[in-house]
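Engineer: the following comprises the amino acid sequence and a computationally predicted model.
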Amino acid sequence: MGRYVIRRLLQMIPVFIGATLLIFLMVNVMGDPIAGLCGDRTCDPATEERLRQDFGLDKPVWQQYLTYMGHVFTGDFGTAFNGQKVIDLMSTAFPITLRLTIVAIAFEIVLGIVLGVLTGLRRGRPVDTSVLMLTLVVIAVPTFVTGLLAQLLFGVKWRIVEPSVSPAAPLDELILPGLVLASVSLAYVTRLTRSSIAENVRSDYVRTAVAKGLPRHRVITRHLLRNSLIPVITFIGTDIGALMGGAIVTERIFNIHGVGFQLYQGILRQNTQTVVGFVTVLVIVFLVANLLVDLLYAVLDPRIRYA
Amino acid sequence: MRAVAHTRWAAGALGAALAVAGCGGGGSGGSGGGGADGVVRSSWGDPQNPLEPANTNEVQGGKVLDMIFRGLVRYNPKTGKAENAVAEKIETKDSTDFAVTVKDGWTFSNGEKVTAKSFVDAWNYGADLRNNQKNAYFFQYIDGYDKVHPETGQPTARTLSGLKVTGPRTFTVKLSQRFSTWPDTLGYAAFAPLPRAFYDDHAAWLAKPVGNGPYTVRNYTKGSEMSLRTRKDYPGPDKAVNGGVDLKVYTDNNTAYTDLVAGNLDLVDDVPAAQLKNAKADLNGRYINTPAGIIQTLAFPYYDKAWNTPRAAKVRTGLSRAINRKQITETIFQKTRTPATDWTSPVLGADGGYKAGLCGSACEYDPAAAKKLVQEGGGIPGGRLKITYNADTGSHKAWVDAVCNSINNALGNDKACVGSPVGTFADYRNQIGQKKLRGPFRAGWQMDYPLIQNFLQPLYYTNASSNDGKWSNPRFDKLVNEANAETDKKTAIAKFQQAEEVVRDQMAAIPLWYQNGSAGYAERLSHVELNPFSVPVYNEIKVG
């Protein structure tokens, strides 16, 4: 197990370098960031040259990348164009998005798995059909439609919540955005759990457990669910990263100043430092989440062992 | 760390939290009551650059500077006329040497006195190349600018030789050329005075700017919120009638509008285009749509020889006549734009140089005449018109497509004109800067100060700062020089209008429409107005 973890950690290094390099190149291909800094007019050449020097944009891209990576290992992510340290932007944005992601994941786990178990055990019955229909609708409707609709209904028409989230973004204000963010994944989790349960419910070990006279809830939670959750856990694990990075739409609709907002601003203003910095952290989140998922396999199914 | 502590409980407490959300909402009325203590809650955008007077070149940062600073001159929020604010008098005999006297009794909000030195130091700081100020070119007319801000190489001086402090309240300015309307430019934020604290602890000042205006910054969380409060000891005549302003950053102006409708926000100064149709009904008349000092034009690449011929001028005029401005402004912009008939803006007023109809028939829609003119000019250079615009902001696609449609219809060729989007604004500016464009491109101009000079010289003078198409015409340059040299304002403006006629005859750029500022506000506000820069006049807003 220990060796497996070390091997996985070592594998992360090339992935990490490759991903950051790609992002770095992509942002640089988009053009010259200084050109957009002076609004609808050209910067005067002297100031432009100095700004270019200050941001290190006068050097070749490979050199910029090396300097950047060198700084990253000392925790220096550079400065955004508005004069703020990117690390400061991160320290305000990531906690907010983390909170939003956790709300979303909580919805996925609780609501998704409960619905999945419910429908999986009652396959073909009215509950099953109606939940399946519902998930189909949720998957088919894009997030921005769900988001705007939820905002209009809950925020403006019924006044149950505020239509926009305050800058501090406390947990209770993030419930609705979190649900919107989770909606599509939630539907997938339900469907995944359902089919997995429906398949395993007829397996020998479940029949054995029932034959032993175990109580129904114990059969379901200890035997059936534990084996059925592996694909679901895989999905949720990879979803953590996707939710954090993909929150742009939801964050825009509900005015949440998280990672999505900073990334959006960074891309609009072509701020290499912001974009690369945030994506770097997101890549790490992705990698760690995947590692944790793989390690969880062994806990769920003792037959899976790592050499 | 607090966030983590919270989140650990999230999964378990979700059911409970859902219930909390039910009653947790709605309690928004925390920002005080009405009357003189009422606080205006207004939408804001994240400023692009650090908030310094000489470094702020967009509306969002400018909005704040307008609240916390007063310069020598201020533009009347209604008429746009330059009026003395901190200046007692600005005198000149020859339009090059100016003597400025600062009024007595002005202070910064930290108690420091506003003196002649507050201005001179600030201007020297703004002009100095070493400080990377993006508005440095505002000081270019002052003597010695080429020493502190050379076009290439290192600066050889720290201060502008044209600025001299002659007393606690007086200083003189020597310009490098005659510029009769120069005092009228001093209302721009770049010319604001700065307190000692700005130089002594720059980082602290940026975190919480200190100025001499009617508001002070109480709290500034970069990227999300700024609370401004009314200064009790403000010495100026334009004291704020409300308790303060809370500016809240919105990622999307649609969300800001939704918040306004839901009662969480008092003022939105940029109603999203998609909501214009509903705004009148939603807001029950609390909707403003007034002209601002912004004109949209189509500029041309004169560095491309094909466009820089006498015959091409005919083609440009023809294209101008092929655009149905009235229809586009009504259908696409819901009348928040007015078809342009000159190259300035109505906010200047007739006295300021705006001349309705100066463009004449060249701006009138006439498909037959358009087709004839384009044919006489030898057709569109390159055979096909590609209008370049940036697709990331401002919903430019809609009107570019409409303009192309209009041109195609007039020319009877549905492949004559196409839009050519560029992904980001930065890349768009980049392509313009590198002279890569081979056809017309979107050009918007928001005035820096309400002067006809500002609508002509930076855009059409040979090698001027915003002459992106590199248009050059000796007669135009000569007329602008003469206008600047005039000591009498009226004759100066008449000269500028003559220069504008040269722009028309050559159709240097096709004027499209004047842009309006649009704002919506809550029931508890009154006296809400937009100034000619389309920024709300915050200090006059009454709450409750």
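Structural biologist: That came in fine, so what should we check first?
Engineer: quick one: low-confidence parts of the chain?
Structural biologist: Here I'm looking at chain A. Along chain A, the model assigns pLDDT under 70 to residues A:306-307.
Engineer: actually, chain B is the one I wanted.
Structural biologist: By pLDDT under 70, the low-scoring segments of chain B are B:1-35.
Engineer: show me what residue of it gets nearest to chain A.
Structural biologist: The nearest approach of chain B to chain A comes at B:Ala426, 3.1 Å away (Cβ to the nearest Cβ). C-betas here are computed from N, CA, C, even on glycine.
Engineer: excluding its backbone neighbours, what's nearest that residue?
Structural biologist: A:Gly36 (3.1 Å; Cβ to Cβ, 6 or more residues apart in numbering or on different chains).
Engineer: contact partners for that neighbour?
Structural biologist: A:Arg269, A:Gln270, B:Thr424, B:Phe425, B:Ala426, B:Asp427, B:Tyr428, B:Arg429, B:Asn430 (Cβ atoms under 8 Å, 6 or more residues apart in numbering or on different chains).
Engineer: can you put those residues in TSV and add secondary structure?
Structural biologist: What follows is the contacts of A:Gly36, written out as TSV (DSSP: H, G, I helix; E, B strand; the rest coil):
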residue	secondary structure
A:Arg269	coil
A:Gln270	coil
B:Thr424	coil
B:Phe425	helix
B:Ala426	helix
B:Asp427	helix
B:Tyr428	helix
B:Arg429	helix
B:Asn430	helix
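Engineer: now find how far off-centre stretch A:275-293 is within its chain.
Structural biologist: 9 Å (Cα atoms, centre = their mean, to the nearest Å).
Engineer: let me know whether it sits next to chain B.
Structural biologist: No. Stretch A:275-293 is not in contact with chain B by Cβ under 8 Å from any Cβ of the partner chain; minimum separation 11.5 Å.
Engineer: tell me where the stretch 151-300 of chain A has helices.
Structural biologist: A:175-200, A:204-211, A:216-218, A:226-245, A:248-253, A:259-268, A:272-300 (DSSP state H, counting those that start in this stretch).
Engineer: quick one: contacts of the fourth one?
Structural biologist: Right, helix A:226-245. A:97-98, A:100-101, A:104-105, A:108-109, A:112-113, A:116, A:120, A:181-182, A:185, A:188-189, A:192-193, A:196-197, A:199-200, A:203, A:205, A:259-260, A:263, A:279, A:282, A:285-286, A:289-290, A:292-293, A:296-297, A:300-301.
Engineer: spatially nearest residue to A:Asp54 (excluding sequence neighbours)?
Structural biologist: Per Cβ to Cβ, 6+ apart, closest to A:Asp54 is B:Asn132, 6.8 Å.
Engineer: how about the one you found, what does it touch?
Structural biologist: A:Thr47, A:Arg50, A:Leu51, A:Asp54, B:Asn55.
Engineer: quick one: name the residues of the stretch 101-250 of chain A near chain B.
Structural biologist: So far as Cβ under 8 Å from any Cβ goes, the stretch 101-250 of chain A lies against chain B at A:102-103, A:105-107, A:109-110, A:151-152, A:155-156, A:159-164, A:167, A:171-173, A:175-176.
Engineer: I'd guessed B:Asp94 sits against B:Gln177; true?
Structural biologist: No. Using Cβ atoms under 8 Å, B:Asp94 makes no contact with B:Gln177, being 11.4 Å away.
Engineer: what touches both of those two?
Structural biologist: Counting by Cβ under 8 Å, 6+ apart, nothing touches both B:Asp94 and B:Gln177.
Engineer: host element of residue 63?
Structural biologist: Using chain A. Per DSSP states H and E: A:Gln63 is located in helix A:61-72.
Engineer: ah, I was thinking of chain B
Structural biologist: Counting by DSSP H and E, B:Lys63 is part of helix B:59-68.
Engineer: the helix or strand that that helix is followed by pairs with which strands, parallel or anti?
Structural biologist: Note on helix B:59-68: by DSSP H and E, the next helix or strand toward the C-terminus is strand B:73-75. Strand B:73-75 pairs in its sheet with strand B:82-84 (antiparallel), by DSSP bridges.
Engineer: now do the phi/psi pair for A:Leu136.
Structural biologist: phi -60, psi -40 (degrees, to the nearest 10).
Engineer: scratch that, B:Val268 is what I was asking about
Structural biologist: phi -120, psi 120.
Engineer: so A:Thr143 sits against A:Val180, correct?
Structural biologist: Yes. Counting by Cβ under 8 Å, A:Thr143 does reach A:Val180; the two are 6.5 Å apart.
Engineer: can you pull the residues that touch both of those two?
Structural biologist: The contact sets of A:Thr143 and A:Val180 overlap at A:Thr250 (Cβ under 8 Å, 6+ apart).
Engineer: more neighbours: those two, which one.
Structural biologist: Taking neighbours as other Cβ atoms under 10 Å in any protein chain shown, A:Thr143 and A:Val180 compare with A:Val180 leading, 25 against 19.
Engineer: how close does that one get to A:Glu162?
Structural biologist: 14 Å (Cβ to Cβ, to the nearest Å).
Engineer: about what we covered before: now the residue nearest to B:Ala426: how far from B:Pro421?
Structural biologist: From A:Gly36 across to B:Pro421, the span is 15 Å (Cβ to Cβ).
Engineer: likewise for A:Ala80?
Structural biologist: According to Cβ to Cβ, A:Ala80 and B:Pro421 sit 26 Å apart.
Engineer: and for A:Ala182?
Structural biologist: Plainly put, A:Ala182 is 34 Å away from B:Pro421 if you go by Cβ to Cβ.
Engineer: of these two, give the one with the bigger neighbour count.
Structural biologist: Higher neighbour count among A:Ala182 and B:Pro421: A:Ala182, with 27 against 14, using other Cβ under 10 Å.
Engineer: does A:Leu282 touch A:Val259 like I think?
Structural biologist: Yes. Assessed by Cβ under 8 Å, A:Leu282 is found in contact with A:Val259 at 7.3 Å.
Engineer: which one of these two has more residues nearby?
Structural biologist: Each of A:Leu282 and A:Val259 has its neighbours counted (other Cβ under 10 Å); A:Val259 has more, 29 against 21.
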